[in-house]
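Q: Structure for this input, please:
(4 chains)
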There are 2 protein chains.
Amino acid sequence: MAVTPYSQIGNARPLLRQEVIERIKGYILDNRLKPGDPLPTEAELCAALGASRSSVREAVKTLAALDIVEVRHGHGTYVGRLSLSALVEGLTFRGLLSPEDDFRVLSDLVDVRELFERGMVDRIIASLDPARLDTLDLVVDEMHTRISEGLDIVDADRRFHALLVEPLANELIRQLSSACWDVYAIVAPHLNVITTKDEQDTVSAHRAMVSAVRGGDPQAFEDAVRAHYAPVRRRIAEAQGRVHGTAH
Amino acid sequence: MAVTPYSQIGNARPLLRQEVIERIKGYILDNRLKPGDPLPTEAELCAALGASRSSVREAVKTLAALDIVEVRHGHGTYVGRLSLSALVEGLTFRGLLSPEDDFRVLSDLVDVRELFERGMVDRIIASLDPARLDTLDLVVDEMHTRISEGLDIVDADRRFHALLVEPLANELIRQLSSACWDVYAIVAPHLNVITTKDEQDTVSAHRAMVSAVRGGDPQAFEDAVRAHYAPVRRRIAEAQGRVHGTAH
DNA sequence: ACTTATTTGTTCGTATGTATG
DNA sequence: TCATACATACGAACAAATAAG
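A: Just a heads-up that it's a prediction; the model follows:
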């Protein structure tokens, strides 16, 4: 009796799959691999870890969901980009599910986006060189042109804010800010939040932000940021009002 | 010829597993399920989605990594808590791997934590009622007591900052702040960053923050927050210096 | 264009561990 | 103790994508 259940693996066996996950992570850490570096094939991992292909595959799928690992069909498995894609997926799903009030999630996202820009005023002003400021001007000009042509400015808007936090030398803030943008762009349309209105106001607000940075005026920048996000919040409130007005 | 490859599934076939993932998410959304609600068993999902057990299991593992789904061995599959656990796992791994300078990740985390508190000054002051302020005092007293007993204040410190952002009515900021704390607490010790030093200064800074909120003084609060995080950054710099000093 | 080899994707059957009653 | 329902794990076989000859 006391038949050893599965295979090797010492004594503690709190889910073989979890064990495999940890050992793959350990492999990457021990060998100091970088994103894009190749990992052993499934067959090699099975042999090395003494686990079946199913267990290895399930472990790899978990790591792929976290972007710690990236799998290419018919090609191989590689170290992932370590992006925040999992955060985007998770928050997006939360926004689409939203148990009670569907709009809390959206305004939370806007809070964070505004916070990153308002809270980093000093560093933004200090780090934005003339070349970047000129690029920001070009993006705002592009917005103006597109509006007069009846086109949307979603992409330009996105690039503007990315350029703003990019020179902060804080990768985490850059990616979190970008993630909030992604989630908002996916969730808002599903909740019928108009994202293409008051666009002239949006352009003006952007111009005010650039000129505040040029003038090195933190207070003016903060005011411009607030002025930029105020209409966004109003649109969320309007969509919320429509829902409460029409449906129960 | 033109043999239909797998089974049902119409024309586009971008990985059956991905299809299963989307349909499970759709099932949760369509039925407006809440965290904790039971999902169909693996066998039922196989039948309903026309996929094998392996495909369903791999899809479920991906969703479990995002906390969209939660699996209990021998019990069943349920809707997950939609927490930011994936963010914590991903950032922690990034911090442990850190290709170039290992300490950038830590200072990025501190930036975000400070940002949340500094940037929300007005709302923190507006939302902290007397009862919560008293609780904050108690936590600071606990820190003081523990230090004189030679104990660490990690847990109390964590609770203090959680209490600070809790009444903000912004679930996202609350969870992001908490996630940054989690990641820092895991990664810092691995990089030999001392987390238990200057503890008297830390207590003083906390007391200053509470009293600034009590006095309704935004500027004093901001100053206190900066004073609180300055020594944290210094410890990171010291650890970095030790590495550059001893090893190459 | 056609093979061949490698690697991941998918399926199925079987057996085991876990929780509930 | 037993039975049931469920997730976990294994292994072999075949399908599909990719790269190289």
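Q: give me the residue from chain A nearest DNA strand D.
A: Minimum separation of chain A from DNA strand D (CB to the nearest atom of the strand) falls at A:Gly74, amounting to 2.4 Å. Heads up, the C-betas are built off the backbone N, CA and C, glycines and all.
Q: Can you tell me the SS state at that residue?
A: Classification of A:Gly74 by DSSP: H, G, I helix; E, B strand; the rest coil places it in coil.
Q: What pLDDT is listed against it?
A: On the pLDDT scale, A:Gly74 is placed at 96.
Q: for A:Gly245, same thing?
A: Turning to A:Gly245, the model gives it a pLDDT of 65.
Q: before we move on, what about A:Arg13?
A: Reported pLDDT for A:Arg13: 55.
Q: And for A:Phe221, the neighbour number?
A: 25 (other CB atoms under 10 Å in any protein chain shown).
Q: buried sites along the helix or strand containing it?
A: Using DSSP states H and E, A:Phe221 sits in helix A:218-246. Within helix A:218-246, the residues that count as buried by 16 or more other CB atoms under 10 Å in any protein chain shown are A:220-225, A:228-229, A:232, A:235-236, A:239-240.
Q: Just to check, A:Leu45 is in contact with A:Val56?
A: Yes: A:Leu45 is within contact range of A:Val56, at 4.8 Å (criterion: CB atoms under 8 Å).
Q: Which one's more surrounded, the two?
A: A:Val56 (26 against 23).
Q: Now do the shared contacts for A:Leu45 and A:Val56.
A: A:Val20 (CB atoms under 8 Å, 6 or more residues apart in numbering or on different chains).
Q: I'd like the buried residues of helix A:218-246 laid out as a markdown table, including pLDDT and distance to chain B.
A: What follows is these, written out as a markdown table (pLDDT from 0 to 100; distance: CB to the nearest CB, whole Å):
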| residue | pLDDT | distance to chain B |
| --- | --- | --- |
| A:Ala220 | 95 | 17 |
| A:Phe221 | 95 | 13 |
| A:Glu222 | 94 | 10 |
| A:Asp223 | 94 | 14 |
| A:Ala224 | 95 | 16 |
| A:Val225 | 95 | 11 |
| A:His228 | 93 | 15 |
| A:Tyr229 | 94 | 13 |
| A:Val232 | 91 | 15 |
| A:Arg235 | 91 | 18 |
| A:Ile236 | 92 | 14 |
| A:Ala239 | 88 | 18 |
| A:Gln240 | 86 | 15 |
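Q: Which one of those residues is nearest to B:Arg207?
A: The closest of these to B:Arg207 turns out to be A:Glu222 (CB to CB; 28.2 Å).
Q: so how far is A:His228 from the closest one?
A: Going from A:Glu222 to A:His228 by CB to CB, to the nearest Å gives 11 Å.
Q: what about the residue nearest the centre of chain A, which SS state?
A: By CA atoms, centre = their mean, chain A has its centre lying nearest to A:Ala179, at 1.6 Å. Look at A:Ala179: counting by three-state DSSP, its state is helix.
Q: check contacts around it.
A: For A:Ala179, the contacting residues are A:Leu84, A:Leu87, A:Val88, A:Leu91, by CB under 8 Å, 6+ apart.
Q: try A:Val193
A: Here A:Val193 is in contact with A:Phe103, A:Leu106, A:Arg235, A:Ile236, A:Ala239 (CB under 8 Å, 6+ apart).
Q: what two of those are the furthest from one another?
A: A:Phe103 and A:Arg235 (10.3 Å).
Q: thinking A:Pro189 is in contact with A:Thr195, fair?
A: Yes: counting by CB under 8 Å, A:Pro189 touches A:Thr195, with 6.9 Å between them.
Q: Which one of these two is surrounded by more residues?
A: The residue with more neighbours, out of A:Pro189 and A:Thr195, is A:Thr195; 15 against 11, by other CB under 10 Å.
Q: my guess is A:Met143 meets A:Asp152, correct?
A: No: A:Met143 is not in contact with A:Asp152 according to CB under 8 Å; the separation is 9.8 Å.
Q: Looking at those two now, which is surrounded by more residues?
A: Set side by side, A:Met143 and A:Asp152 show more neighbours around A:Met143, with 24 against 13, by other CB under 10 Å.
Q: Remind me what the strand or helix carrying that one packs against, helices and strands.
A: Assigned by DSSP H and E, A:Met143 belongs to helix A:130-148. For helix A:130-148, the packing partners by 3 or more CB pairs under 8 Å, 6 or more residues apart in numbering or on different chains; DSSP states H and E come out as helix A:154-165, helix A:199-214.
Q: Go through the longest one and flag the buried ones.
A: By that I understand helix A:199-214. For helix A:199-214, by 16+ other CB under 10 Å, it's A:199, A:202-210, A:212-214.
Q: do the first one as well
A: Buried residues in helix A:154-165, counting neighbours by 16+ other CB under 10 Å, are found at A:Ala156, A:Asp157, A:Arg158, A:Arg159, A:Phe160, A:His161, A:Leu163, A:Leu164, A:Val165.
Q: Check stretch A:21-41 too.
A: A:Ile21, A:Arg23, A:Ile24, A:Lys25, A:Tyr27, A:Ile28, A:Leu33, A:Pro35, A:Leu39, A:Pro40.
Q: got the end-to-end distance for stretch A:96-105?
A: Chord length of stretch A:96-105, first to last residue, is 9 Å (CA to CA, to the nearest Å).
Q: Is it in proximity to chain B?
A: Yes: for stretch A:96-105 and chain B, the contact criterion (CB under 8 Å from any CB of the partner chain) is met by A:Leu96, A:Leu97, A:Pro99, A:Arg104, A:Val105.
Q: ok, the last one - contacts?
A: For A:Val105, the contacting residues are A:Leu91, A:Arg94, A:Gly95, A:Ser98, A:Val187, B:Glu171, B:Leu172, by CB under 8 Å, 6+ apart.
Q: What separation is there between the first one and B:Leu115?
A: Applying CB to CB, the value for A:Leu91 to B:Leu115 is 18 Å.
Q: Enumerate the residues of chain A near DNA strand C.
A: Residues of chain A lying close to DNA strand C (CB under 7 Å from any atom of the strand) are A:3, A:5, A:41-43, A:53-54, A:57, A:60, A:71-77.
Q: quick one on the thing from earlier: okay, the contacts of A:Ala179 in TSV with secondary structure next?
A: As requested, the contacts of A:Ala179 are arranged in TSV below (three-state DSSP):
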residue	secondary structure
A:Leu84	coil
A:Leu87	helix
A:Val88	helix
A:Leu91	helix
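Q: restrict these to contacts with chain B.
A: A:Leu84, A:Leu87, A:Leu91.
Q: give the contact list for A:Tyr78.
A: Going by CB under 8 Å, 6+ apart, A:Tyr78 touches A:Pro35, A:Gly36, A:Asp37, A:Pro38, A:Leu39, A:Val69, A:Glu70, A:Val71, A:Arg72.
Q: Show me which of those is closest to A:Asp111.
A: For the contacts of A:Tyr78, the nearest to A:Asp111 is A:Pro35 (30.9 Å; CB to CB).
Q: hang on, the earlier thing: tell me the angle of the helix holding A:Met143 relative to helix A:154-165?
A: 160 degrees (axes from the mean of the first three to the mean of the last three CA atoms, to 10 degrees).
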